[in-house]
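> what's the 3D shape of this:
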Amino acid sequence: MRDVEKTIGNFITKASTSILSSVDSEGFPNTKAMLAPRKIDGIKHIYFSTNTSSMRVTQFMENPKACLYFFDKRFFRGVMLKGTIEVLHDSNSKEMIWSQGDDMYYPKGVTDPDYCVLKFTALSGRYYSNFKSENFELN
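As a prediction, the model looks like this:
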């Protein structure tokens, strides 16, 4: 890849589904499908909304290691990002990614105590395309 940020950024932006993995208290990976990210800042920071009361939030509070996977089933391509998750409860972060219709999930609105933000910070990744894989590091 000549331009990791551009290639991977374009790929992530087009994905409608994200696969997010956390680590449980026994050290096993737990994987879950998520909606597309709410905000993508380059490919270093990726933001999701979720319920504060979720199992995933509990796991990230105990162990911030995470893995994200995006794929294109039509062309059999994918990108895995390894990094960490921060669970954010501050009003600026919550307002930053709030979208119309979110009150369906968080009935008390942007201040709902069961609404939080997951901020993924990528450290490295692996891109698969044309039957080849390529590792990359992020600064």
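> and the helices in this structure?
With DSSP state H as the criterion, the chain has helices at 4-14, 55-62, 91-97.
> weakest of those helices in terms of mean pLDDT?
Ranked by mean pLDDT, the helices of the chain bottom out at helix 4-14, with a mean of 89.
> outside of it, which residues touch it?
1, 37, 40, 42-43, 46, 70, 72, 77, 79, 81, 125, 127, 136, 138 (Cβ atoms under 8 Å, 6 or more residues apart in numbering). To be clear about C-beta, it is placed using only N, CA and C from the backbone, and glycine gets the same treatment.
> buried set for the longest strand seen in the chain?
In the chain, with assignment by DSSP state E, the single longest strand is strand 115-129. Neighbour-count burial for strand 115-129 flags 115-122, 125, 127, 129 (criterion: 16 or more other Cβ atoms under 10 Å).
> that strand pairs with which strands, and in what direction?
strand 45-51 (antiparallel), strand 77-88 (antiparallel), strand 132-137 (antiparallel) (DSSP bridges).
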